[in-house]
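Colleague: Have a look at this prediction, sequence included:
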Amino acid sequence: MSDQPAYVVRGATMYCHFGTHRRRINLPESHGTYVNEKPMMNVDDCKPDNIPYFGICISPNNTSSEVIYLIAEDGTTISGKPCLPVPFGNWRNGKEGTLVEGKAALTTQSTLVCSLSCEKEIAFLKDGQHDE
């Protein structure tokens with residue numbers, strides 16, 4: 001990914017430092033602002049319908065006693081505690097000069113803290129603008 005921030009749109013790829021799987025951000029309903037014909041996101045887009053689970057959570061703060069089994073991205077079977085993202089606040093580092101439905105736009109430099117993450121963050125790998 002470039003060092004230059006890019007606007008994040010529905011479907012951008014993100015990851016959590018304590019999760020085993022990358023995921024795409026969701027936007028059930030567009031805010032009405034688009035880049036490359038894809039709906040832009042804002043700093044408030046951190047609700048359960050926006051942020052999916054990241055597979056297995058390896059955070060030491062995850063106190064779940066449940067164990068799940070998943071296929072890892074490399075094809076192996078892994079097990080551990082389920083990821084249940086609990087965002088702590090809104091996305092950080094939004095682009096204040098660009099508003100999407102009155103809120104700062106998300107960029108690839110935006111991050112989100114999960115309450116289980118020990119201050120590690122959820123971040124973006126790809127902006128989603130050119131994904132099919």
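Modeller: Everything's here; your move.
Colleague: Which of the helices or strands spans the residue located most distally from the centre of the chain?
Modeller: Distance to the chain centre peaks in the chain at residue 65, reaching 24.5 Å (criterion: CA atoms, centre = their mean). Using DSSP states H and E, residue 65 sits within no helix or strand.
Colleague: That one and residue 82, how far apart?
Modeller: For residue 65, the distance to residue 82 (CB to CB, to the nearest Å) stands at 11 Å. Yep, even glycine has a C-beta here, placed from its N, CA and C like the rest.
Colleague: Equivalent analysis for residue 69, please.
Modeller: Residue 69 is 10 Å from residue 82, where distance means CB to CB.
Colleague: what about those two, which has more around it?
Modeller: Neighbour tally, residue 69 and residue 82, criterion other CB atoms under 10 Å: the higher count belongs to residue 82, 15 against 9.
Colleague: Just the pLDDT for the more buried one.
Modeller: In this prediction, residue 82 carries a pLDDT score of 96.
Colleague: Also residue 130?
Modeller: pLDDT, residue 130: 89.
Colleague: dump the residue contacts of it.
Modeller: For residue 130, the contacting residues are residue 36, by CB atoms under 8 Å, 6 or more residues apart in numbering.
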